[in-house]
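>>> Let's see this in three dimensions:
(one chain, ligands or ions: 2)
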Amino acid sequence: MSAERHAVAGPSAASESLDAPDGPDGSPGDADDSASGGPGDARTSPSSAVDDALALVAGDRYERALSRGGSRARGFDVLFGEAGASGEVGGFGEAGGPSASGPAGEGPRDARDSRTAPGRQAPFVRGSVRHPLFRDDSPGPGSGGGNPGAPGHSSRPTTAWPDARALAGRAARVLGTGERALGEALGQVLAVPLVALTDLPSFDSSAMDGWAVSGPGPWRLPRGGQGILAGEGEAVALHDGQAVAIATGARVPPGATAVLRREHGDLTDERVLHATARLTHGQDIRPRGQECRRGDQLLAAGGLVTPAVLGLAAAAGYDSLRVTRRPRVEVLVLGDELLREGLPSGGRIRDALGPMLGPWLAELGAEVSATRRLGDDAEALYAALAESGADLVLTTGGTAAGPVDHVRPTLRRLGAELLVDGVSVRPGHPMLLARLTPDRHLVGLPGNPLAAVAGLLTLAEPLLRTLAGRPAPAPYRTPLTEAVDGHPADTRLVPVVRRGGGRAQPLRFHGPAMLRGLAAADALAVIPPGGTDRGSPAELLALPWAADKGDR
Ligand SMILES: Nc1nc2c(c(=O)[nH]1)N[C@H]1C(S)=C(S)[C@@H](COP(=O)(O)OP(=O)(O)OC[C@H]3O[C@@H](n4cnc5c(N)ncnc54)[C@H](O)[C@@H]3O)O[C@H]1N2
Ligand code: MOO
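Numbers count the residues shown, from 1 in each chain. Ligands and ions are numbered 1, 2, ... in the order given. Take a look at the predicted model:
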């Protein structure tokens, strides 16, 4: 829980008077809902009293926002947007976010024309308009990617997003390896290359049901001959002009020059076989070693053991595989306000992260030993971290500077080394990475659910990949169907869905506290400071369950 929860009275009251509850972005008082881009933009008939009030406070900035096609929501962002967190003010969020229609059929949103309008400035207005609640003495965004003022430690610069990912990928060492029976190796990572233990096929075999023949036809079949079935040992050699019935997969007898398919042969009563179609030398014989020779490398180390890999390994003679141990992960969900079941009530909300993170981590190859709800109990957190034997502990919430945000103080108490202390990314900037002991790490995910996902993909995913011995996938980029405004200093991560024509469509409902856009998404698009134009390629971070879809 962050200070924000104690500090929203002013802006929240304003939001109520603005009818903001229509907008799924929630309270505009959220420091980072300037990054939310919900359909608040679609609200186009501002109440003049409220607008007047906003105009009075925000001066010409709000007017400018409206004249760019803004709305009440845009006015809100101008007022309350990034001001608290970074000293930036602007229409980045609801008003400036992507204008895509969500898959739920929401209408088009927002005047993204602000990007193309003549004289368009950056979608943010850098300046000093701040709500008193969000007054912050940290300087504005520094040069060179770092962004001062992560919550809880205002003087230290945060780490640039690409650097944070790289650092997380280098933070740990690959775990030990073990031999696993094929049935238990699925989803793990090959610790050594998969080398063929046999030729494949391991003998010359018939690709069809028919007759093995020797030389040009017609051919004579032996009287009373049984034919050769799959699984039998080596058959009697054929001589020129001879044939023998053969089944698919059976060993081809020595001397055979081709297999004649059953439907291409005519067998007389005198047991003479005529071909009714052209037959070429070697036809329908799979020669030994056609797929591989014993000792050939079939797959490199670091590859994921998929069902297909299990099949190949079995075919190539393996009973077990040497795989890297799965990273053990423990999830600690923090927050007294979280309910495990039922409807939100009395200011309490459902825990959205507990049910999401375990399965997501499993998709990332982790073995989740436990998901524990600790509330806002600093002692319980201290004990859990001190006792945990997990390779990686993930905490959720408590990363900001509120009165019950215990993660950083507890790490200090444990003497942990903070490797990443805030990242220049929206959402998710309070995320952190710490080394608890030389072999145990902690990723602190912010409590806002989409911010937590940003932390998962920025810090946990590269760390887990390294622990499991998997190489980083080559980044891939896909053009966007819509322009997406950038944050002035930070990277943005925006849910997108792949569309026809090799494009990705930014989704609405991407506020830090929302999962609606993410649940419809295939990937998160990486939007660098400055934004990404329509049709320009954006790097996509594929979501695990959508990784096999779309253009690469
Ligand atoms: N003064 C400032 N306050 C905040 C800042 C800031 O820069 N200055 N940053 C905001 C941002 S951005 C984020 S993100 C949050 C991070 O806060 P915490 O990591 O301390 O998380 P909490 O305060 O515990 O929770 C934030 C929010 O998320 C809800 N939450 C928490 N856990 C869950 C869960 N498991 N499922 C669903 N929702 C959850 C929680 O109720 C809060 O609404 O700090 C801002 N504040
Ligand atoms: O709401 Mo914060 O931007 O999500 O990290």
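>>> domain ranges for this structure?
If the domains of the chain are taken from automatic domain parsing, they occupy 1-157, 163-173+326-468, 177-197+294-324, 203-287, 477-542, with pieces of a single domain joined by a plus sign.
>>> I'd like the average pLDDT over the fourth one.
When the per-residue pLDDT values of domain 203-287 are averaged, the result is 94.
>>> ok now that domain, how far from the chain's centre?
If you compare the mean C-alpha spot of domain 203-287 with that of the full chain, they lie 52 Å apart, counting by C-alpha atoms, centre = their mean, to the nearest Å.
>>> coming back round to it: and the domains of the chain, which one's lowest on average pLDDT?
Note on the domains of the chain: domain 1-157 shows the lowest mean pLDDT, a mean of 32.
>>> Excluding chain neighbours, what is closest to residue 195?
Closest residue to residue 195 in three dimensions, ignoring its sequence neighbours and counting by C-beta to C-beta, 6 or more residues apart in numbering: residue 297, at 5.5 Å. (Each C-beta comes from the backbone N, C-alpha and C, glycine too.)
>>> Tell me, how many residues neighbour the one you found?
Residue neighbour count, defined by other C-beta atoms under 10 Å, stands at 11 for residue 297.
>>> what about residue 453, which SS state?
Reducing the assignment at residue 453 to three states with DSSP: H, G, I helix; E, B strand; the rest coil gives helix.
>>> so what's it closest to, chain neighbours aside?
The shortest distance from residue 453 to any residue other than its chain neighbours is 6.2 Å, reached at residue 518 (C-beta to C-beta, 6+ apart).
>>> which secondary structure element contains that neighbour?
In the assignment (DSSP states H and E), residue 518 maps to helix 516-519.
>>> Just the buried residues of that helix, please?
The neighbour-count check on helix 516-519 (16 or more other C-beta atoms under 10 Å) flags 516, 517, 518 as buried.
>>> With distance to ligand 2 as extra columns, can I get these in CSV?
Putting those into CSV (distance: C-beta to the nearest ligand atom, whole Å) gives the following:
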residue, distance to ligand 2
516, 15
517, 13
518, 12
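>>> and which of those residues is nearest residue 354?
residue 518 (16.1 Å; C-beta to C-beta).
>>> What number of residues are in the vicinity of the closest residue to residue 330 other than its chain neighbours?
Leaving aside its chain neighbours, residue 330 sits nearest to residue 390 (3.9 Å; criterion: C-beta to C-beta, 6+ apart). By the measure other C-beta under 10 Å, the count of residues near residue 390 is 24.
>>> rewinding a little: you'd agree the residue nearest to residue 195 is up against residue 192?
No - under the criterion of C-beta atoms under 8 Å, residue 297 is not in contact with residue 192, lying 10.1 Å apart.
>>> Now do the helices in this protein.
All helices of the chain, identified by DSSP state H, fall at 4-7, 9-17, 48-58, 60-67, 72-80, 83-86, 161-170, 307-315, 353-363, 378-387, 407-414, 449-455, 461-468, 516-519.
>>> quick one, what contacts the residue of the stretch 201-350 of the chain found nearest ligand 1?
Residue nearest to ligand 1 within the stretch 201-350 of the chain (C-beta to the nearest ligand atom): residue 335, separated by 4.4 Å. Counting by C-beta atoms under 8 Å, 6 or more residues apart in numbering, residue 335 makes contact with 1, 351, 375, 376, 396, 397, 398, 447.
>>> Which PyMOL command selects the buried ones in those residues?
A single PyMOL command suffices to select whichever of the contacts of residue 335 are buried according to 16+ other C-beta under 10 Å:
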select buried, resi 1+351+376+396+397+398+447
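>>> near ligand 2, which residues of the protein?
With C-beta under 6 Å from any ligand atom as the criterion, the chain meets ligand 2 at residues 32, 35, 426, 427, 428, 429, 430, 446, 448, 451, 512.
>>> from the residues you listed, which two are the most distant?
The span of the residues of the chain next to ligand 2, defined through C-beta to C-beta, is set by 35 and 430 at 13.3 Å.
>>> and residue 302, what does it touch?
When contacts are counted by C-beta under 8 Å, 6+ apart, residue 302 touches 189, 190, 469, 470, 471.
>>> Identify the residue nearest it in space, chain neighbours excluded?
Among residues not flanking residue 302 along the chain, residue 471 sits closest, at 4.9 Å (C-beta to C-beta, 6+ apart).
>>> what's the distance between that neighbour and residue 464?
For residue 471, the distance to residue 464 under the criterion C-beta to C-beta, to the nearest Å works out to 13 Å.
>>> And the two? Which one has more around it.
Under the criterion of other C-beta under 10 Å, the comparison of residue 471 against residue 464 puts residue 464 first, with 25 against 13.
>>> Residue in the stretch 301-450 of the chain with the shortest distance to ligand 2?
Distances between the stretch 301-450 of the chain and ligand 2 by C-beta to the nearest ligand atom are smallest at residue 427, namely 2.8 Å.
>>> Give the buried residues for stretch 506-522.
So stretch 506-522, judged by 16+ other C-beta under 10 Å, has buried residues 506-518, 520-522.
>>> What is the nearest of those residues to residue 404?
residue 513 (17.8 Å).
>>> Isn't the closest one up against residue 449?
Yes - A contact is recorded between residue 513 and residue 449 when judged using C-beta under 8 Å, the distance being 6.4 Å.
>>> one step back: so what's the residue of the stretch 301-450 of the chain closest to ligand 2 up against?
Neighbouring residues of residue 427 by C-beta under 8 Å, 6+ apart: 32, 35, 446, 448, 450, 451, 454, 493, 511, 512.
>>> Using neighbour counts, trim the contacts of residue 302 to the buried set.
Neighbour-count burial within those applies to 189, 190, 469, 470; the criterion is 16+ other C-beta under 10 Å.
>>> Just flag the most distant two among those.
For these, with distances taken as C-beta to C-beta, the pair at the greatest spread is 190 and 470 (9.5 Å).
>>> quick one: common contacting residues for the two?
When contacts are counted by C-beta under 8 Å, 6+ apart, residue 190 and residue 470 have 302, 304 as shared neighbours.
>>> Was I right to think the residue nearest to residue 453 contacts residue 454?
No - with contacts counted by C-beta under 8 Å, residue 518 stays clear of residue 454, the gap being 10.0 Å.
>>> Tell me the residues that contact both of those two, please.
Residues touching both residue 518 and residue 454 (C-beta under 8 Å, 6+ apart) are residue 524.
>>> What is the neighbour count of residue 545?
Around residue 545 there are 11 residues (other C-beta under 10 Å).
>>> distance of it from ligand 1?
Separation of residue 545 from ligand 1 (C-beta to the nearest ligand atom, to the nearest Å) stands at 20 Å.
>>> count of neighbours near the residue lying closest to that residue once chain neighbours are set aside?
Sequence neighbours aside, residue 363 is the residue nearest to residue 545 in space, at 6.7 Å (criterion: C-beta to C-beta, 6+ apart). The criterion is other C-beta under 10 Å. On that basis, residue 363 has 13 neighbouring residues.
>>> Distance-wise, check residue 363 relative to residue 543.
With distances defined as C-beta to C-beta, the gap from residue 363 to residue 543 amounts to 9 Å.
>>> got it, and residue 384?
Taken as C-beta to C-beta, the span from residue 384 to residue 543 is 28 Å.
>>> Check residue 434 too.
Residue 434 is 26 Å from residue 543, where distance means C-beta to C-beta.
>>> How about residue 158?
For residue 158 relative to residue 543 (C-beta to C-beta), the value is 25 Å.
>>> Could you do residue 424 as well?
Here the criterion is C-beta to C-beta. By it, residue 424 lies 22 Å from residue 543.
>>> between the two, who's got more neighbours?
Neighbours around residue 424 and residue 543, counted as other C-beta under 10 Å, are more numerous at residue 424. The numbers are 27 against 20.
>>> I figured the more buried one hits residue 430, correct?
No - under the contact definition of C-beta under 8 Å, residue 424 does not touch residue 430, with a separation of 11.4 Å.
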